[in-house]
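Student: Starting from these lines, generate the structure:
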Amino acid sequence: MLVTLAAALPASIPSPDRGVWHLGPIPVRAYALCIIAGIAVALWWGERRLQARGGRAGTVLDVAVWAVPFGLLGGRLYHVATDWRTYFGPGGDPWGALEIWNGGLGIWGAITLGGVGAWIGCRRHGVPLPLFADAVAPGIIVAQAVGRLGNWFNQELYGGPTTLPWGLEIYRRVDPGTGLEDPLGGVALDPTPIAVVHPTFLYELLWNLVVAALIVLADRRFRLGHGRVFALYVAGYTLGRFFIELMRTDPATRVFGDVRINVVVAAVVFIGAVLYVAFARRGREEFVAPAPEDTVGPDGAAGSERAAGPESAAGQESAVAPERTVGQDGTVAPGKPQAREDA
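Tutor: Numbers count the residues shown, from 1 in each chain. You can find the predicted model right below:
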């Protein structure tokens, strides 16, 4: 029976015959759809986890208004900076640097500049950045896993030749109208693969899901806080990325002779993340979300408090005060906030 089942399975993984479909003049790109789907997953899961930590409903979306555009810009800037010859070298296409829909987002730049956007959003909505980062960390790495499916449609981010049963078939794609080669926008008219390679995008996708599960379990077991969940995500991701990057054969900027730049970046960021996990504050911060109408200014005061005066501030203080319990002797004691299960 096992022999029959093995014979029925494909000897390799086929690639999609195209990564772009057209609705009239409008191109629908699989890569963009995967990025959008990943962002949606991160927002949904991050919202659940932030509320479990005391955050107000809708805060993740409010912060994402800043973080997502900054992240996309940072990801593109990193890609263009590390592959600048494609756009500004001899025979390059400078306008191609703006064509984000054709792929090319560097996770290092996305997280760095996305963190700047998140900091701005957290400041505006009165949320500590480390707490917010811990809440959204699992969703971010799952979003990266979903985004890697876009690399499958684009036939990119793969390794060297292999005879393993999960090898990825690569096809020659052409423009149906002209017959000229078009790897990103073309169609594979001939189903005969030109190569069977390691699907390193798939290795990274699976590793990302493993890291997501591990940091959620660690968070529940040790009640991590103060940014340590996010740092643990960074450490786990960069550990896998270091070895997966060594398997890739696609063109990349190289440093120190013949070392891919992402290998060096992964190693440096991994060390930094591990040090943060080791020396950051233990435990989990307690947080009471400000009222929805509150905004936090540069001086740290709530906007409604500044506008309405001391009377309004007193009302807000009573609104967020912890519940109280009355003992048998008639004394009133503040109650302890109830612990919530993490998402």
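
Student: Tell me what the residue lying closest to R18 once chain neighbours are set aside is bridged to.
Tutor: Closest residue in space to R18, ignoring its immediate chain neighbours: V187 at 4.7 Å, by C-beta to C-beta, 6 or more residues apart in numbering. For glycine as for every other residue, the C-beta is placed from the backbone atoms N, C-alpha and C. Beta bridges link V187 to R18, V174, judged by DSSP bridges.

Student: wouldn't V187 be in contact with Y171 here?
Tutor: No: counting by C-beta atoms under 8 Å, V187 sits too far from Y171 to count as a contact (9.1 Å).

Student: Give me the contact list for the stretch of helix or strand G114 belongs to.
Tutor: Taking DSSP states H and E as the criterion, G114 maps to helix 107-125. The contact list for helix 107-125, computed with C-beta atoms under 8 Å, 6 or more residues apart in numbering, reads 59, 62-79, 81, 127-129, 132-133, 140, 144, 234, 237, 262, 265, 269, 290, 295-296, 298.

Student: Where does R76 fall, secondary structure wise?
Tutor: helix 59-82.

Student: which parts of that helix are buried?
Tutor: Using 16 or more other C-beta atoms under 10 Å as the test for burial, helix 59-82 gives 59-60, 62-64, 66-68, 70-80, 82.

Student: Next, the angle from it to helix 107-125.
Tutor: 150 degrees (axes from the mean of the first three to the mean of the last three C-alpha atoms, to 10 degrees).

Student: Next secondary structure after helix 59-82?
Tutor: helix 84-88.

Student: and that following helix, what's its mean pLDDT?
Tutor: Mean pLDDT, computed over helix 84-88, is 80.

Student: So for A81, what's the pLDDT?
Tutor: On the pLDDT scale, A81 gets 85.

Student: Now for it: which residues touch it?
Tutor: G109.

Student: and it, how far is that from G92?
Tutor: To G92, A81 is 14 Å away according to C-beta to C-beta, to the nearest Å.

Student: try G139
Tutor: To G92, G139 is 36 Å away according to C-beta to C-beta.

Student: Give me the more crowded residue out of those two.
Tutor: Between G139 and G92, counting by other C-beta atoms under 10 Å, G139 is the more crowded of the two (25 against 14).

Student: Just checking, which helix or strand succeeds the helix or strand containing the more buried one along the chain?
Tutor: Using DSSP H and E, G139 sits within helix 129-154. Downstream of helix 129-154, the first helix or strand assigned by DSSP H and E is strand 168-170.

Student: which is the next helix or strand following that next one?
Tutor: That would be, after strand 168-170 and using DSSP H and E, strand 195-197.

Student: got the contact list for that next one?
Tutor: By C-beta under 8 Å, 6+ apart, strand 195-197 touches S12, Y158, G159, G160, P161, T162, T163, G167, L168, E169, I170, T249.

Student: cool, and stretch 20-37?
Tutor: 16, 19, 101-103, 105, 146-151, 153-154, 184-185.

Student: before we move on, back to that, tilt between the helix holding G114 and helix 129-154?
Tutor: On the basis of the same axes, to 10 degrees, helix 107-125 is oriented at 140 degrees to helix 129-154.

Student: how about helix 107-125: buried residues?
Tutor: Those would be 107-115, 117-125, for helix 107-125 by 16+ other C-beta under 10 Å.

Student: cool, stretch 215-222 as well?
Tutor: By 16+ other C-beta under 10 Å, the buried positions in stretch 215-222 come out as I215, V216, A218, D219.

Student: Next: stretch 272-292.
Tutor: A273, V274, Y276, V277, R284, F287, A289, P290.

Student: These: which two are farthest apart?
Tutor: Farthest-apart pair in the buried residues of stretch 272-292 is V274 and P290; separation 33.6 Å (C-beta to C-beta).

Student: How far off centre is stretch 237-246?
Tutor: What separates the centre of stretch 237-246 from the centre of its chain is 16 Å, taken as C-alpha atoms, centre = their mean, to the nearest Å.

Student: Likewise for stretch 16-27?
Tutor: With C-alpha atoms, centre = their mean as the basis, stretch 16-27 stands 25 Å off its chain's centre.

Student: ok, now stretch 199-219?
Tutor: Distance, stretch centre to chain centre, for stretch 199-219: 12 Å (C-alpha atoms, centre = their mean).

Student: which parts of it are buried?
Tutor: 199-205, 207-208, 211-212, 215-216, 218-219.

Student: before we move on, back to that, so which elements touch the helix holding G139?
Tutor: Contacting helix 129-154 under the criterion 3 or more C-beta pairs under 8 Å, 6 or more residues apart in numbering; DSSP states H and E are the following elements: helix 30-52, helix 59-82, helix 107-125, helix 200-222, helix 228-247.

Student: Using PDB, write out every CA atom in the longest one.
Tutor: These are the backbone C-alpha positions of helix 59-82, laid out as PDB (Å, rounded to 0.1, in the frame of the first residue of the first chain):
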ATOM      1  CA  THR A  59      -5.700  49.700  18.900                       C
ATOM      2  CA  VAL A  60      -3.700  47.300  16.700                       C
ATOM      3  CA  LEU A  61      -5.500  48.700  13.600                       C
ATOM      4  CA  ASP A  62      -4.900  52.200  14.800                       C
ATOM      5  CA  VAL A  63      -1.200  51.600  15.200                       C
ATOM      6  CA  ALA A  64      -1.000  49.600  11.900                       C
ATOM      7  CA  VAL A  65      -2.100  52.700  10.000                       C
ATOM      8  CA  TRP A  66       1.400  53.900  10.800                       C
ATOM      9  CA  ALA A  67       3.300  50.700  11.000                       C
ATOM     10  CA  VAL A  68       2.300  49.000   7.800                       C
ATOM     11  CA  PRO A  69       3.100  51.900   5.300                       C
ATOM     12  CA  PHE A  70       6.400  52.400   7.200                       C
ATOM     13  CA  GLY A  71       7.200  48.700   7.000                       C
ATOM     14  CA  LEU A  72       6.400  48.400   3.300                       C
ATOM     15  CA  LEU A  73       8.600  51.500   2.600                       C
ATOM     16  CA  GLY A  74      11.400  50.100   4.800                       C
ATOM     17  CA  GLY A  75      11.200  46.700   3.200                       C
ATOM     18  CA  ARG A  76      11.500  48.200  -0.300                       C
ATOM     19  CA  LEU A  77      14.300  50.500   0.600                       C
ATOM     20  CA  TYR A  78      16.400  47.600   2.100                       C
ATOM     21  CA  HIS A  79      15.800  45.600  -1.100                       C
ATOM     22  CA  VAL A  80      16.800  48.400  -3.400                       C
ATOM     23  CA  ALA A  81      19.800  49.300  -1.300                       C
ATOM     24  CA  THR A  82      21.100  45.700  -1.300                       C
END
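
Student: Please consider this matter closed, and thank you.
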